[in-house]
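> Give me a 3D structure for the following:
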Amino acid sequence: MTLREIFLRYNAQTSPFPMLLEVEKAEGSFIIDSQGNKLLDMIAGIAVSNVGHRHPKVVSAIEEQVKKYLHVMVYGEFVQEPQILLAKALCETVNDKLDNVYLTNSGAEAIDGAMKIAKKFTGKHKFISCFNAYHGSLQGPLSLMGNDYFKKGYEPLLPDCERIRFGVEEDLELIDKQTCAVFIETIQGEAGVKLASKHYWNQLLQRCRETETLLVLDEIQVGFGRTGYFWAFEAYDFVPDILVCSKGMGGGMPIGAVLTRKEIMQVISHDPILGHITTFGGHPVSCAAALATLKIILEENLCFNVKQRNQQFNKNLKHPLIKEIRHAGLLIAIELDNFSLVEKTIKNCLKFGLISDWFLFCNHSIRLAPPLNLSENEADLAIEILIKALDHL
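The predicted structure is shown next:
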């Protein structure tokens, strides 16, 4: 059997049409397939490889940690240097306004943990999320999902989960004294890169204060430099009560985190004790990789590079079939007329040497989310291939 046949026979299939790209190697902004084709990766594992594939400093951090120890104890019991240094560095990115960290294996786990923390701290159980929101596919995050299609077959989910329209101020009235938390993406990703105004964020924050509701920001996709700020919320001059991150923080390793104030986080430590536990959360190798990634983003000033590459795409990516380009740094949605055009363009891009994708709740737009250290020449190549792909429709 070929690798592809084994994959289709033994690996769980998540859709009827997997890309089936056989990966031989990945380095920097490129993936090399089993045929030796070099493909420019313009989605970075869906906004995961923020510092590129196998960044030397990330690989070195992994190698050094592997020499010391792997898993030694469930989370929260032993003093492990990679966890401690990462938690400290994360808190420092928000000037210790959020001063406590719970490390997880993924973004969905972090969202699920944040839901429990919010319920325990407030003593309330009603959640507000947004239409077309994506927070993960575990049953807790799925309850917050802003699209009913992906809930089919898994209901009933958690009760008391209501939705509002992202960026629409009159909907904020649905946040009331029974609401424990509003879970919201700083920038809606799967909706096709949708942004809200600064005034909206001010009004949302005010409404949460009036109703004693926690504001939980999901920066799983847009955190760690993706938008040209280390955290996307920095553009709006406020700090949430709880911040959730994952994807781009691990340099390609699995990890997630919940950041909040210690007064909020401490509720999971008593009545009952071990109120939220994980065996592999905060794995030392993933923590070492995440700390290296965080340092690379700051030391190599990748947020500035993001802003430069963003300007390059806005200036040079032009084509009659493109209806609109929505962007937040290097999270870019290229809107076409329909899904058929998007699907054909993605296939053409792959044929011409570029990996792209679409959005779950916006299938008429092409997704770009490349490594944050994408070079000027690589961006030019991406633009050239995208235009060529559109020309060949």
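> Can you show me the helices along the stretch 101-250 of the chain?
Using DSSP state H, counting those that start in this stretch, the helices found in the stretch 101-250 of the chain span residues 107-122, 139-144, 198-210.
> which phi and psi does N37 have?
Taking degrees, to the nearest 10, you get phi -80, psi 130 for the backbone angles of N37.
> Spatially nearest residue to it, not counting backbone neighbours?
Of all residues not flanking N37 in the chain, G353 sits nearest, at 6.9 Å (C-beta to C-beta, 6 or more residues apart in numbering). Bear in mind the C-beta positions are built from the backbone N, C-alpha and C, glycine included.
> Quick check: pLDDT value at F17.
As predicted, F17 sits at a pLDDT of 84.
> Can you tell me the number of residues neighbouring it?
Number of residues near F17 (other C-beta atoms under 10 Å) recorded here: 7.
> Does it fall in a helix, a strand, or a coil region?
Following DSSP: H, G, I helix; E, B strand; the rest coil, F17 is assigned to coil.
> For W358, see how far away it is.
F17 sits 12 Å away from W358, going by C-beta to C-beta, to the nearest Å.
> circling back to that earlier point, which among the helices of the stretch 101-250 of the chain is found nearest to E170?
helix 198-210 (9.9 Å; C-beta to C-beta).
> List of residues touching that closest one?
167-169, 172-173, 175, 182, 184, 213-215, 233, 235-238, 241 (C-beta atoms under 8 Å, 6 or more residues apart in numbering).
> List buried members of the residues you listed by neighbour count.
Among the contacts of helix 198-210, those buried by neighbour count (16 or more other C-beta atoms under 10 Å) are 167, 169, 172, 175, 182, 184, 213-215, 233, 235-236, 241.
> which parts of stretch 247-265 are buried?
Buried residues in stretch 247-265, counted by 16+ other C-beta under 10 Å: 247-261, 264-265.
> Okay, now it: how far is its last residue from its first?
Stretch 247-265 has an end-to-end distance of 22 Å (C-alpha to C-alpha, to the nearest Å).
> same question, stretch 149-158
16 Å.
> for the record, mean pLDDT for that stretch?
93.
> which residues touch it?
Against stretch 149-158 from outside (C-beta under 8 Å, 6+ apart): F127, S137, Q139, G140, L142, S143, M145, L360.
> can we see that at 7 Å?
Outside stretch 149-158, the residues that touch it by C-beta atoms under 7 Å, 6 or more residues apart in numbering are Q139, G140, L142, S143, M145.
> now do stretch 366-384
With C-beta under 7 Å, 6+ apart, stretch 366-384 has contacts from 29, 40-44, 46-47, 49-52, 225-226, 297, 300, 302, 305-306, 309, 312-313, 316-317, 330-334, 336, 342, 345-346, 354, 356-359.
> Need the buried ones from those residues selected in PyMOL.
To isolate the buried members of those in PyMOL, using 16+ other C-beta under 10 Å:
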select buried, resi 29+40+41+42+43+44+47+49+50+51+52+225+226+297+300+302+305+306+309+312+313+317+330+331+332+333+334+336+342+345+346+354+356+357+358+359
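> Please consider this matter closed, and thank you.
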